[in-house]
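Asker: the sequence isn't on hand, but the structure is:
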């Protein structure tokens, strides 16, 4: 059976005062954005600080592959002697270097107990 | 018995061991790692990276070894097992993880140029792989079998690892009896066609009754015949193979399915230490090798 609830039957219609409030809010927000943009564009690019205060990563020229254009390797797949040096900005750290570590993203599935005949296995295409 | 989902199927772990749960957790981790490395559908998997690569790519020893084994199986099956046909699967619509109805479409994409596993350039010295752009690798069934084999290494005594029909069965069941393998009826999965006892062996089954989808008014399935580059159609409905490893059982089952009853029976008969139960479209079950078939009946 499906039950349909009427929810709130009474809906208030916006009055003229609400419209004025809305206009004022939009006007103030627009003014704030214009001022913020004007101030931000005055800062030199080298002094720009990313949101959250974290230092920007140092940019290096792209590393060219030894196998020709388009070659790509995982950093960790390179022999240690061939790895380019990577300098982390102060305060940054490498959270995980192993693609097999459970910390990399989601965790392995959690097994759950099931009740079944414990001497039979059904084979099928899957 | 414990269960979890991985590789788009249910995996069960049964161990005659007081630490059964701990073993199941280890097995889950093995499947999770294998899926993250070998999935064709995860953008962040190493296989997906290889399938996007242009030029030589240094890969992990695990992926390199899997490709080397795949090439061995391709030679062993005269190219009927060919994980290089991923582009044909994508063109048919198998471009995401399978779910009933999810792959249905009005028409398939234009067929790509024929890509074969043989076209991969494998350099064992540097563990690099060079992939022609028309070769997309799909290691699905082989890796599922290999992962079941690896997971069976967690069993300290007897037990079973079963990933949707690809299974390794060690020793005896917790009831102290031989493990019984039930062969599902591909025409009606609620029924069984046969059971047989297995110990210290692996089983795998190939059929076209589950991973199938609509392309317009026709039905496509996941078992691509590299000779025609379209879903294989033979006089077999299903092939179940018993072999020393689940990886081998999976590849032999797929090959037998694509060969059909007569050629499949001859091919399997040439393999050492292998048994099989074939389900023809018409007629009785075909048993290859020493398989102690018992009654079937309802599931």
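Answerer: Alright, I've got the coordinates. Please read these numbers as outputs of a predicted model, since none were measured by experiment.
Asker: which SSE is immediately downstream of the worst-scoring helix or strand of chain A on mean pLDDT?
Answerer: Ranked by mean pLDDT, DSSP states H and E, the weakest helix or strand in chain A is strand A:72-73, scoring a mean of 60. Using DSSP states H and E, the helix or strand that follows strand A:72-73 towards the C-terminus is strand A:112-113.
Asker: who are the packing partners of that next one?
Answerer: strand B:2-6 (3 or more CB pairs under 8 Å, 6 or more residues apart in numbering or on different chains; DSSP states H and E). To be clear about C-beta, it is placed using only N, CA and C from the backbone, and glycine gets the same treatment.
Asker: packing partners for the helix or strand that comes right after the strand it packs on?
Answerer: Going down the chain from strand B:2-6, the next helix or strand is strand B:9-15, by DSSP H and E. In terms of contacts (3+ CB pairs under 8 Å, 6+ apart), strand B:9-15 is packed against strand B:2-6, helix B:20-38, helix B:140-152, strand B:159-163.
Asker: list the helices and strands the longest one packs on?
Answerer: Under the contact criterion of 3+ CB pairs under 8 Å, 6+ apart, helix B:20-38 touches strand B:2-6, strand B:9-15, helix B:46-52, helix B:61-76, helix B:140-152, strand B:159-163.
Asker: now find how far off-centre the fifth one is within its chain.
Answerer: Going back to what we said before, that points to helix B:140-152. 8 Å (CA atoms, centre = their mean, to the nearest Å).
Asker: any idea how many residues pack against the residue lying closest to residue A:114 once chain neighbours are set aside?
Answerer: Nearest residue to residue A:114, sequence neighbours excluded (CB to CB, 6 or more residues apart in numbering or on different chains): residue B:3, at 4.6 Å. Residue B:3 has 18 neighbours, counted by other CB atoms under 10 Å in any protein chain shown.
Asker: about what we covered before: among the helices and strands packed on strand B:9-15, which is the most enclosed?
Answerer: Most buried of the helices and strands packed on strand B:9-15 by mean neighbour count (mean count of other CB atoms under 10 Å in any protein chain shown) is strand B:159-163; its value is a mean of 28.
Asker: in its sheet, what does the helix or strand following it sit against?
Answerer: Under the assignment DSSP H and E, the closest C-terminal helix or strand after strand B:159-163 is strand B:166-170. Using DSSP bridges, the strands paired with strand B:166-170 are strand B:159-163 (antiparallel), strand B:201-207 (antiparallel).
Asker: re earlier: make a markdown table from the helices and strands packed on strand B:9-15 and add distance to residue B:106 to it.
Answerer: What follows is the helices and strands packed on strand B:9-15, written out as a markdown table (distance: least, CB to CB, whole Å):
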| stretch | distance to residue B:106 |
| --- | --- |
| strand B:2-6 | 30 |
| helix B:20-38 | 31 |
| helix B:140-152 | 25 |
| strand B:159-163 | 33 |
